[in-house]
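Q: Got a predicted model here, sequence first, then my questions.
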Amino acid sequence: MTILAAQGVDPELVRLRDSIDNFDAALIHLLAERFRCTQRVGELKARKGMPASDPDREARQVTRLRKLAVDAKLDPDFAEKFLAFVVKEVIRHHQTIALNADLNNDTERKD
């Protein structure tokens with residue numbers, strides 16, 4: 001018997017919360033993998049002198065993810081807000097990568 005069951009917590013509630021905890025863990029791992037990939041994108045953009053942000057791609061992603069959300073019966077406004085939060089963080093990372101690349105290039109030129 002689990003502690004919660006011993007405390008009289010409904011077993012169905014315990015089961016559902018366990019599932020939620022598993023989903024949360026999966027989301028964290030997926031986000032970590034996504035950010036590892038966007039890190040590589042940021043490094044490539046910095047090497048090529050490309051801007052950190054790509055508004056055309058971002059707009060296409062919003063449209064695509066809103067449709068995916070509707071298909072999945074998830075509030076598309078929530079999906080868009082979530083994507084905006086993630087993209088804002090990715091752009092911040094890309095800007096940092098580009099700045100560090102510029103600083104490294106300046107240091108190499110002075111050597």
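A: Done, it's in.

Q: Give me the distance between H93 and G49.
A: Separation of H93 from G49 (Cβ to Cβ, to the nearest Å) stands at 17 Å. In short, each C-beta sits where N, CA and C put it, glycine included.

Q: all helices of this protein, in order?
A: Along the chain, counting by DSSP state H, helices occupy 3-6, 11-48, 55-71, 76-110.

Q: one step back: so between H93 and G49, which is more surrounded?
A: H93 (16 against 9; other Cβ atoms under 10 Å).

Q: In the protein, where is pLDDT below threshold?
A: Within the chain, the segments meeting pLDDT under 70 span 1-6, 106-111.

Q: run the last query once more with 90
A: 1-9, 101-111 (pLDDT under 90).

Q: how close does R66 get to D21?
A: 28 Å.

Q: same check, this time on L83
A: L83 is 24 Å from D21, by Cβ to Cβ.

Q: before we move on, what about Q61?
A: Taken as Cβ to Cβ, the span from Q61 to D21 is 29 Å.

Q: wait, what's in contact with A69?
A: 75-76, 78-80 (Cβ atoms under 8 Å, 6 or more residues apart in numbering).

Q: actually K67, not the one I typed
A: With Cβ under 8 Å, 6+ apart, K67 has these contacts: P76.

Q: repeat for Q61
A: Neighbours of Q61 in contact, by Cβ under 8 Å, 6+ apart: 83, 87.

Q: same question, the one 4 residues further on
A: Neighbour list for L65: 76, 79-80, 83 [criterion: Cβ under 8 Å, 6+ apart].

Q: same thing but at 7 Å, please
A: Contacts for L65 (Cβ atoms under 7 Å, 6 or more residues apart in numbering) come out as 79-80, 83.

Q: just H93 next, same as before
A: 38-39, 42.

Q: Neighbours of L16, how many?
A: With other Cβ under 10 Å as criterion, L16 counts 11.

Q: quick one: it from V70, how far?
A: Taking Cβ to Cβ as the measure, L16 falls 25 Å from V70.

Q: what does F85 give?
A: The value you get for F85 to V70, if Cβ to Cβ is used, is 19 Å.

Q: before we move on, the earlier item: closest one of the contacts of A69 to N104?
A: E80 (35.7 Å; Cβ to Cβ).
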